[in-house]
Structure formats: C-alpha cells, structure tokens
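Student: coordinates only, no sequence provided:
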C-alpha cells in the first residue's frame, strides 16, 4: 500500500492553487508546507506532495480515488475552472472494467491527473 507520493512542478504557487481547487471536491486540502514543498490530503494526513524542480518536468499520471461519480464530476469541473486542460471528460471507461468512472485533466505542467470511482451507481 502506498503511504504518499511526491511530484515535481515548475511553479509551486501555480500548482498549489490548481491542486487546492481541483482536489477540494475529493476532500483534499493543504495539510502541511515545508519551504517550497506542499502536502495535500484528506485531513489529518498529507499523501500527495508537490515540490520544485528544474525547467524539465517529465509528465506523470496520478489517479485519485473518489467515493462517488458526483465527486468525479465535481473534480473535473473544479480542475477545468482552475486552469486544467481536458484529457477525458467524466464517464464510464468499460475498457478498464464495467464500473470504472473517471475524468482526466492535464495540470499546469502537463501531468495527467485523474479522479476515478469504482463503485456501481
């Protein structure tokens, strides 16, 4: 089981604002900050960290678990409003499994950020 993950970003302030808005529908908030590192999570523990890097950020994919399809929809709407770029509107992805409901956005550095619900609804 993964305890936490960190991701490099080129502009911590810009990414902090993006993730604060995009992850709020999933119950995430800023929990801790050290110098330029920002830890997000569902209180009380941060499990997703961002921090500074050089100019060459290699895009990655991170999927956040949502409790409902409504949360996936709210994530997508919030992420797009925060400046995310569409990489797959909310919907079923039966090629993964029958109840896979996800939405995908690119963050300011081009990382593929997803919210996914596995529950049937």
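Tutor: The structure has been received and is ready for your questions. Remember, it's a predicted structure, so these values are computed and weren't measured experimentally. Residues are numbered from 1 along each chain as shown.

Student: use CA for all of it now, contacts and neighbours both
Tutor: OK.

Student: which ones are touching the residue of the chain positioned farthest from its centre?
Tutor: Distance from the centre of the chain peaks at residue 98, with 22.6 Å (C-alpha atoms, centre = their mean). Neighbouring residues of residue 98 by C-alpha atoms under 8 Å, 6 or more residues apart in numbering: residue 92.

Student: distance of it relative to residue 121?
Tutor: Residue 98 is 11 Å from residue 121, where distance means C-alpha to C-alpha, to the nearest Å.

Student: ok, residue 91 next?
Tutor: 12 Å.

Student: same check, this time on residue 64
Tutor: Distance from residue 64 to residue 121, counting by C-alpha to C-alpha: 18 Å.

Student: can you check residue 96 too?
Tutor: Distance of residue 96 to residue 121, computed by C-alpha to C-alpha: 16 Å.

Student: ok, residue 17 next?
Tutor: According to C-alpha to C-alpha, residue 17 and residue 121 sit 31 Å apart.
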